[in-house]
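*Asks:* dropping the sequence and predicted coords here.
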Amino acid sequence: MKDIFLLEAIKKNDKKAFKIFFDKYYTPLVGYINTFTNDVYLAEDIAQQSFIIFWTKRKEIKILKSPKSYLYSVAYNSYIDNYRKKKKQDTFFDDLREKALRDLVEEDEELMKKRLEKLKAIINDLPPRCQQILRMNKFEGFKYSEIAEKLDISIKTVEVQMGIAFKKIRKGFEDTPFLLFIVRQFT
């Protein structure tokens with residue numbers, strides 16, 4: 001069945017047509033996204049997310065040529081969003097480490113100990129799963145995909161848990177000049 005006819009059927013809520021479209025493009029789409037991510041699990045998440053977006057916006061889609069091209073554009077944009085989000089989170093902790101090292105050289109060692117204790121306390125107050133994921137990523141060096149695989153959860157769950165951790169850490173240091181410049185960058 002031609003894609004344009006599939007799209008017309010999908011727009012009319014035809015789930016069988018959507019399944020045909022899904023079966024036809026899921027594996028190639030995962031392969032395409034994997035060329036960017038080099039992470040099959042992340043590529044699968046992005047592909048699934050792309051099909052969800054495609055289904056959700058099916059009635060709004062105005063395509064004259066190729067539904068496949070639209071799907072691949074959605075997937076690529078999802079990858080870019082995911083990449084930017086991860087980069088922003090990684091930058092937060094890199095900046096935190098850099099600032100901590102600078103402060104260690106410039107400031108009183110006792111003050112630094114208090115700040116590190118505060119950070120440890122904030123981390124220890126995180127929900128257990130959130131704490132585990134944060135430690136695996138930032139202290140043990142596991143990638144999101146590796147954490148997801150080890151804990152048998154989705155990469156999206158890892159991202160959400162890391163987001164929770166970042167929010168609580170930022171909130172814990174809002175009133176402290178130590179991280180004020182970092183907090184302003186990420187809020």
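*Replies:* Looks like it came in fine. Keep in mind it's a predicted model, so treat the numbers as computed, not measured.

*Asks:* all strands of the protein, in order?
*Replies:* For the chain, applying DSSP state E gives no strands.

*Asks:* so in it, which helix runs the longest?
*Replies:* Secondary structure of the chain read by DSSP state H shows that its longest helix is helix 67-106.

*Asks:* for it, packing partners?
*Replies:* helix 3-11, helix 15-37, helix 40-56, helix 109-124, helix 155-172, helix 177-186 (3 or more Cβ pairs under 8 Å, 6 or more residues apart in numbering; DSSP states H and E). Where you see a C-beta, it was placed from the backbone N, CA and C, and this is true even at glycine.

*Asks:* for I63, find the nearest of the ones you listed.
*Replies:* Taking Cβ to Cβ, helix 3-11 is the member of these nearest to I63, at 6.3 Å.

*Asks:* my guess is F51 meets D23, correct?
*Replies:* No - using Cβ atoms under 8 Å, F51 is not in contact with D23, being 10.7 Å away.

*Asks:* CSV for the helices and strands packed on helix 67-106, including distance to T91?
*Replies:* Shown next, in CSV, are the helices and strands packed on helix 67-106 (distance: least, Cβ to Cβ, whole Å):
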stretch, distance to T91
helix 3-11, 39
helix 15-37, 19
helix 40-56, 19
helix 109-124, 17
helix 155-172, 11
helix 177-186, 8
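
*Asks:* closest one to F139 among those?
*Replies:* Comparing these by Cβ to Cβ, helix 109-124 comes nearest, at 9.4 Å.

*Asks:* what mean pLDDT does that closest one get?
*Replies:* On average, the pLDDT along helix 109-124 is 79.

*Asks:* dump it to CSV, keeping only the CA atoms.
*Replies:* Only the C-alpha atoms of helix 109-124 are listed here, as CSV (Å, rounded to 0.1, in the frame of the first residue of the first chain):
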residue,chain,number,x,y,z
GLU,A,109,38.6,24.5,53.1
GLU,A,110,36.1,24.4,55.9
LEU,A,111,33.5,26.3,53.8
MET,A,112,34.1,23.8,51.0
LYS,A,113,33.5,20.9,53.3
LYS,A,114,30.2,22.5,54.4
ARG,A,115,29.1,22.9,50.8
LEU,A,116,30.1,19.3,49.9
GLU,A,117,28.2,18.1,53.0
LYS,A,118,25.2,20.1,51.8
LEU,A,119,25.4,18.5,48.4
LYS,A,120,25.7,15.0,49.9
ALA,A,121,22.7,15.7,52.2
ILE,A,122,20.6,16.8,49.2
ILE,A,123,21.6,13.7,47.2
ASN,A,124,20.9,11.5,50.3
